[in-house]
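**Student:** No sequence on hand, only this structure:
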């Protein structure tokens, strides 16, 4: 009853082309943004910020980037961890080698490094596709691991191979407190998500989707596969690279190549699959599922065990966490193979018909 | 997709979310909270679990002995799986619980690096017993780091001294070939700076052979060793990498007597599978080895395991990694005790007070005897500038059944280590724009 678009007429092209054509959606999104920017910082605890929200925002950004490549353009990649690493080390090198460089330009330059790296490793996509491409992009992962472990120039000859940053600031505000870090990550995420949304619903996004659905047909109607595929690699790696830079700079503070290992690539791909391929919202939902749920289970299980009256060891919790998490993944994929975002849109459809389902 | 499923899904997510909100932080009086970051799962679990058992058991032993001047120790374990991001999450989760943590032992080099950046703001000491970043021994730059009882530089220097003794003097190392087989991560790279310095000075040829994590694939590395035939091989491995290396050495026909592991590569899980194949393999111990006869182990068996409160299997009590956990816990607890001696006995100490305590640790032989650590380790005393406290080590050798000490106490050469610590710490300070602490700051 509440969620109905009766009487909302679109009389201009502008109105027709809005991201959220339904007034209720606009309201909810605006309220949600207000909540995220103002209410959350007042309510959340330091732990929630530093250990849950900030990593969640950064990983959401990465999942958003991967979704552009995998979900919208159909180019399966297992090199996302490498793009994050290139972004992080690129930003680090600019930040340290150019004294006085502000944080935001450093992050963007890191993203640009990842863009070039992404285009380079996107070249095989012109020849191979599907699972073959996934294996080819693994090369990017191993190359990045090797590069940042062995080429000392990238780590400024740090004796242990680990690098760290400090004294971060944006427009003179120090990025030290949990709040400032949260706002920084959230702002970047919102801006990037808006850009990504507009890209995927514009001409270039339609080219990507045409390539994804059937590349031969797309080529026949005049879409250049090379341009479409490489631009998807470029945009995706830029976003993933930015998130890698944030992961190193804002979340970890000090990092080594193991922080961007092949595990991270796998996790990002799973986020996109579980969250929903080809959906901006799916990236966020997938990131929440993969990063927050294990931690939530880890804290929830001891409480549950206590309620049921038995003691559970740390290792036991950890094993149970993995089992339940794995079980949930399987369950979700059976129940809804199109991911969490599809669940959400089904929910919206139901709301539109409510209370008269057919 | 039915509505029922949708509701189930929402309920599942909500259950997860609700547990995040409920942070049952019940502050209890007179309890000093100690977070325990450990890994009992994942690729390094066989080595991480005994460490955690020893650590937790020692805290229980302190409570069984009546606490610290009446203050009981409370603790909570958090599983990291040796993952840096997860370790940071654990650190953030536990640091504010139960009145706040005063010290934390990160138990992984990656986590140590990440937490080092966060600890000064939180005022929590980072205690790394025998691992961590070597330059953090310099207390004037690293105010909150305590690599107590040795670092990887101490370990590598004492190994070289042991080899020198075998050869009849350090000068005999000239022209020899020494290989370092290391875990390709900050942990494995730590000793390189010192070994390079020593190779310049003593004239031996240093060969660096990295092994990618987790270290199961070492065929190429040992092929290189077969070709180069180094006179000695140092092993900087962890977990499954160690036993693999020993097996590969056996397959290559490389004498195990010429292999020297760091202390992470010198415990029972590393050699048990290989048993006789590991006979003659050496490892450096930063002070203790396997100590089943020590008084602290007997106390532990009587007062903790005897009462059915022990953690982990009883027959592992006193083994190398278990002792490492117990000794790590003891050094942290003694830091709190030293703080109580100054700021008030029987009180719960804050992070800053515990930092003072760790910085003014003076564990004499008499104190160690009273704690049951007689013969296990040597006295340790720290200061404002020296956060390491001692640089002593012994070599022990696997005889096919157990680890036995095969060397006297060796002291790392301060003339090598001190300048290296100073220059590396100065570089860190310059990068971070830190000003070294003043003498006045030392008194606080």
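**Tutor:** Thanks, I have the structure now. What you are looking at is a predicted structure, and each value in this text was computed from that prediction instead of being measured.

**Student:** which bits of the stretch 151-300 of chain B sit near chain A?
**Tutor:** Residues of the stretch 151-300 of chain B lying near chain A by CB under 8 Å from any CB of the partner chain: B:184-187, B:189-190, B:192-193, B:210, B:212-213. (Each C-beta comes from the backbone N, C-alpha and C, glycine too.)

**Student:** run the last query once more with 7 Å
**Tutor:** Listed as neighbours of chain A in the stretch 151-300 of chain B under the rule CB under 7 Å from any CB of the partner chain: B:184-186, B:189-190, B:192-193, B:213.

**Student:** all helices for the stretch 201-350 of chain B, in order.
**Tutor:** Using DSSP state H, counting those that start in this stretch, the helices assigned to the stretch 201-350 of chain B run over residues B:219-228, B:240-252, B:268-271, B:295-299, B:320-343.

**Student:** Let's have the ones you listed in CSV, adding mean neighbour count.
**Tutor:** Formatted as CSV, those follow (neighbours: other CB atoms under 10 Å in any protein chain shown):
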stretch, mean neighbour count
helix B:219-228, 15
helix B:240-252, 22
helix B:268-271, 24
helix B:295-299, 19
helix B:320-343, 24
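
**Student:** quick one: low-confidence parts of chain A?
**Tutor:** Low-confidence segments of chain A (pLDDT under 70): A:1, A:358.

**Student:** List the residues that contact residue B:280.
**Tutor:** Taking CB atoms under 7 Å, 6 or more residues apart in numbering or on different chains, we find residue B:280 in contact with B:256-257, B:397.

**Student:** repeat for residue B:319
**Tutor:** So residue B:319 contacts B:50, B:267-268, B:290 (CB under 7 Å, 6+ apart).

**Student:** Same question for residue B:325.
**Tutor:** Going by CB under 7 Å, 6+ apart, the list of residues near residue B:325 reads B:50-55.

**Student:** thinking again about what came up before, filter the contacts of residue B:319 down to the buried ones.
**Tutor:** B:50, B:267-268, B:290 (16 or more other CB atoms under 10 Å in any protein chain shown).

**Student:** Looking at those, spot the one nearest chain A.
**Tutor:** Taking CB to the nearest CB as the measure, chain A lies nearest residue B:50 of the buried ones among the contacts of residue B:319, at 12.3 Å.

**Student:** So which elements touch the strand or helix carrying that closest one?
**Tutor:** Here residue B:50, judged by DSSP states H and E, is contained in helix B:45-64. Packing partners of helix B:45-64 (3 or more CB pairs under 7 Å, 6 or more residues apart in numbering or on different chains; DSSP states H and E): strand B:31-38, strand B:72-79, helix B:320-343.

**Student:** Can you redo the helices of the stretch 201-350 of chain B as a markdown table, where the extra columns are distance to residue B:97?
**Tutor:** As requested, these are exported to a markdown table (distance: least, CB to CB, whole Å):
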| stretch | distance to residue B:97 |
| --- | --- |
| helix B:219-228 | 43 |
| helix B:240-252 | 33 |
| helix B:268-271 | 31 |
| helix B:295-299 | 28 |
| helix B:320-343 | 17 |
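
**Student:** Compute the number of surrounding residues for whichever residue of the stretch 151-300 of chain B sits closest to chain A.
**Tutor:** Residue nearest to chain A within the stretch 151-300 of chain B: residue B:186 (3.9 Å; CB to the nearest CB). Other residues within reach of residue B:186, judged by other CB atoms under 10 Å in any protein chain shown, total 27.

**Student:** So residue A:324 sits against residue A:297, correct?
**Tutor:** Yes: Residue A:324 lies in contact with residue A:297 (CB atoms under 7 Å); the separation is 5.8 Å.
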